[in-house]
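> no letters, just coordinates:
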């Protein structure tokens, strides 16, 4: 017996969806961070900057 006919439009669209999903996953890994992660990183960098500024050496002459 032969296989069932393949709907080429459906196959093409499925292939396109898979390609777009792969691209979206790649971009999410590359650029995506949650708002909480961004805020936590900003807080860490601000605390580190404040710590360094508090221990800054000044040359008094």
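That came through, no problem. Treat the numbers as computed from the prediction; the structure is a model and nothing was measured. Numbers count the residues shown, from 1 in each chain.
> how about low-confidence regions in the protein?
Across the chain, the ranges flagged by pLDDT under 70 are 1, 60-61.
> cutoff 80 now
Residues of the chain that meet the criterion pLDDT under 80 lie in 1-2, 59-61.
> quick one: name whatever helix or strand follows the top helix by length along it.
Ordering each helix of the chain by length in residues (DSSP state H) puts helix 8-31 first. Scanning forward in sequence from helix 8-31 by DSSP states H and E, the next helix or strand is helix 35-54.
> quick check: buried residues in that following helix?
Across helix 35-54, burial judged by 16 or more other Cβ atoms under 10 Å covers no residue at all. C-beta here means a position set from N, CA and C on the backbone, and glycine is covered the same way.
> just checking, what packs against it?
On a contact count with 3 or more Cβ pairs under 8 Å, 6 or more residues apart in numbering; DSSP states H and E, helix 35-54 meets no helix or strand.
> coming back round to it: go through the longest helix of the chain and flag the buried ones.
Buried-residue list, helix 8-31, by 16+ other Cβ under 10 Å: empty.
> start the count at 18, not 1, going forward
Right, with 18 as the first residue, what we last looked at is helix 25-48.
> show me the contacts for residue 50.
Under the criterion of Cβ atoms under 8 Å, 6 or more residues apart in numbering, the neighbours of residue 50 are residue 58.
> phi, psi of it?
Torsion angles at residue 50 (phi, psi; degrees, to the nearest 10) stand at phi -140, psi 150.
> how close does it sit to residue 44?
Residue 50 sits 12 Å away from residue 44, taking Cβ to Cβ, to the nearest Å as the criterion.
> residue 70 now?
Using Cβ to Cβ, residue 70 is found at 36 Å from residue 44.
> can you check residue 74 too?
Using Cβ to Cβ, residue 74 is found at 43 Å from residue 44.
> then residue 73?
Relative to residue 44, and taking Cβ to Cβ, residue 73 is found at 40 Å.
> and what of residue 51?
Look at residue 51 and residue 44: by Cβ to Cβ, they are 15 Å apart.
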